[in-house]
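Compute the structure for the input listed below.
(one chain, ligands or ions: 1)
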Amino acid sequence: MKQFDAIIIGAGPAGGECARALSKIGHNVLLVEKEKDFSARDFSSGGSTLEVLKDFDLPESVVGAYCRKIQIASSDDQHCWKGSEPVALVLDFQKLRTYLAEEITNHQGQVLLGWTYKGHEKKDGVTIVSLKNGSSGVIQTFQTRVLVDATGSERKVLEKGKSKQEAIVGTGIEFLVEVPEHIYQIYAETLAFYIGQKWMPQGYAWIFPMKPNHLKVGVGRNFPQEKAVPHEKSFRYYLDHLIATCLKTSDLLILDQHGKTISYTLRQHDRYFDQNILAIGDAVSTVNPLTFEGIRHALKSGRIAAAQIKRFLNGRSRSFQAYPSEMRRYSGFHWMISERLTLKIYRQADDEKVSLMLQALKRLSLKELKGLVFYYQLNAAMKFYIAYLTLLAKHAFRRSKRRG
Ligand SMILES: Cc1cc2nc3c(=O)[nH]c(=O)nc-3n(C[C@H](O)[C@H](O)[C@H](O)COP(=O)(O)OP(=O)(O)OC[C@H]3O[C@@H](n4cnc5c(N)ncnc54)[C@H](O)[C@@H]3O)c2cc1C
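Numbering: from 1, shown residues only. Now for the predicted structure:
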């Protein structure tokens, strides 16, 4: 039976980065992915910050497009924040995961695609992992000192079979479309978001550039605890509506359709480890509950976990006790602010009030908007929320005056 220092299940950004970091320092790792190749389930839109490249030592080749504008539209209004330089980028999710896997094999690590984790057992102090080949059905077993659950919100290893915690659940579906040049140019450098009942009740829609003449168009909806806002039509209805209203063309080719449901446990009350097994990425709710941006945070959790695994394998620490607090230091406070805003913003069923939210956002500079949507900064959140409450009060006053 082959032996590894660490077996990592799931080759998303979290698993890929964790395995890459460990293989770079000479550890013998195996990364396992159930899909046969990275073109399958290329579900993530890839919107991220410019710093992601430098912070995670990623090449330009994983970037789909750079954006210098952020546009937000409500049901009856819209606003665009423009910079002279790029303010964000769109990652190519397939290229990102392929690059991480290649880095692992370049550093003598192993990557198995098309193999599904089936279970593990502990025998005489060693952990034995069973994997099943998706094509042949063959089951193989491997021995490891550390096992990592990087299976995303599917949480297939550490929390398998556990009852569901209180969660914010978000479902998104997206098309990759090829459009004529003149349509592409409208969105080429823009992260465009659409909020309000017309676009997607209790959620938002988006259009991101991917590469010349290719756009990602999607809709996503949150289910914070209970279904607060009526949602009578299908996801597909809202996606078709977005395409018809914004792209306004029948000359459009749908190249790929994908979607996924992500579940974020409230207050990130997930299990982070159990003896020599750790969970990383969306398996421990690293996705931000306000924006559902998760790639950067999954990469970061892969890095944090790799540092802890290194200490464990080198005998400098006997447990993963420090890992949850390291993770909370990164995300805890900002995710708490995001949770609060999420529960307020996405439950708003009144379109007039959603438009007031956009009016409040308009008071933020581009820097402050970035601070809110990418860095979950308290000062930007407060400025937005105070402006929104003031507008709400004025709106209520006007309404009561009209009635009286
Ligand atoms: C529609 C949509 C749009 C999004 N857009 C953005 C965006 O614009 N920007 C952004 O930053 N984030 C976005 N996200 C969120 C982001 O993609 C995730 O937060 C991120 O991918 C999480 O990374 P991960 O590695 O933890 O999990 P995942 O990326 O989910 O990876 C988990 C991997 O584990 C594999 N796996 C599962 N079970 C098994 C098993 N039993 N055996 C072997 N392998 C297994 C899966 O196939 C998968 O490849 C979006 C999400 C959705 C659904």
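
which residues of this protein fall in helices?
Using DSSP state H, the helices found in the chain span residues 13-24, 51-55, 93-106, 181-187, 235-242, 295-313, 322-345, 351-362, 366-373, 378-403.

So which of those is the most surrounded?
Neighbour counts (mean count of other C-beta atoms under 10 Å) averaged over each of the helices of the chain peak at helix 13-24, with a mean of 29. The C-beta positions use only the backbone N, C-alpha and C, and glycine is treated the same way.

quick check: domain ranges of the protein?
Here the domain parsing of the chain from automatic domain parsing is 3-57+93-162+268-338, 167-264, 349-403.

Using JSON lines, please lay out the ones you listed together with distance to the ligand and mean pLDDT.
Shown next, in JSON lines, are the domains of the chain (distance: least, C-beta to the nearest ligand atom, whole Å; pLDDT from 0 to 100):
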{"stretch": "domain 3-57+93-162+268-338", "distance to the ligand": "2", "mean pLDDT": "95"}
{"stretch": "domain 167-264", "distance to the ligand": "3", "mean pLDDT": "92"}
{"stretch": "domain 349-403", "distance to the ligand": "10", "mean pLDDT": "92"}
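
need those in CSV with distance to residue 80, can you?
Output for the domains of the chain, formatted as CSV (distance: least, C-beta to C-beta, whole Å):
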stretch, distance to residue 80
domain 3-57+93-162+268-338, 16
domain 167-264, 7
domain 349-403, 10
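
Can you name the residues that contact the nearest residue to residue 7 once chain neighbours are set aside?
Setting aside the residues directly before and after it, residue 7 is nearest to residue 144 in space (C-beta to C-beta, 6 or more residues apart in numbering), at 4.2 Å. By C-beta atoms under 8 Å, 6 or more residues apart in numbering, the residues touching residue 144 are 3, 4, 5, 6, 7, 30, 126, 127, 129.

Now, those that are in strands?
Members of the contacts of residue 144 lying in strands (criterion: DSSP state E): 3, 4, 5, 6, 7, 30, 126, 127, 129.

Isn't residue 364 up against residue 382?
No - look at residue 364 against residue 382 with C-beta atoms under 8 Å: they stay out of range, at 11.0 Å.

Grab the nearest non-local neighbour of the residue positioned nearest the centre of the chain.
What sits nearest the mean C-alpha location of the chain, by C-alpha atoms, centre = their mean, is residue 294, with 2.6 Å. Leaving out its chain neighbours, the residue that sits closest to residue 294 by C-beta to C-beta, 6+ apart is residue 287, at 3.4 Å.

okay, now the one you found: neighbour count?
24 (other C-beta atoms under 10 Å).

Residue 233 versus that one, what's the distance?
Per C-beta to C-beta, to the nearest Å, residue 287 is found 25 Å from residue 233.

just residue 334 next, same as before
Per C-beta to C-beta, residue 334 is found 33 Å from residue 233.

repeat for residue 137
41 Å.

what about the two, which has more around it?
Set residue 137 next to residue 233 and count neighbours by other C-beta under 10 Å: residue 233 wins out with 12 against 7.

what are the phi and psi angles of the residue lying closest to residue 251 once chain neighbours are set aside?
Once flanking residues are discounted, residue 251 sits nearest to residue 180: 5.5 Å by C-beta to C-beta, 6+ apart. For residue 180, the backbone dihedrals are phi -60, psi 160 (criterion: degrees, to the nearest 10).

how many other residues sit next to residue 180?
12.

you'd agree it is up against residue 215?
No - using C-beta under 8 Å, residue 180 is not in contact with residue 215, being 11.0 Å away.

quick one, what contacts residue 63?
The contact partners of residue 63, by C-beta under 8 Å, 6+ apart, come to 53, 89, 90, 91, 92.

hmm, try it at 10 Å
Contact analysis of residue 63 by C-beta atoms under 10 Å, 6 or more residues apart in numbering lists 46, 48, 50, 52-53, 86, 89-92, 95-96, 211.

Need the overlap of contacts for residue 364 and residue 382.
The contact sets of residue 364 and residue 382 overlap at residue 372 (C-beta under 10 Å, 6+ apart).

Same list, the contacts of residue 63, but as JSON lines with distance to residue 265 please.
JSON lines is the format used below for those (distance: C-beta to C-beta, whole Å):
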{"residue": "46", "distance to residue 265": "24"}
{"residue": "48", "distance to residue 265": "23"}
{"residue": "50", "distance to residue 265": "29"}
{"residue": "52", "distance to residue 265": "24"}
{"residue": "53", "distance to residue 265": "30"}
{"residue": "86", "distance to residue 265": "34"}
{"residue": "89", "distance to residue 265": "29"}
{"residue": "90", "distance to residue 265": "27"}
{"residue": "91", "distance to residue 265": "25"}
{"residue": "92", "distance to residue 265": "29"}
{"residue": "95", "distance to residue 265": "30"}
{"residue": "96", "distance to residue 265": "25"}
{"residue": "211", "distance to residue 265": "35"}
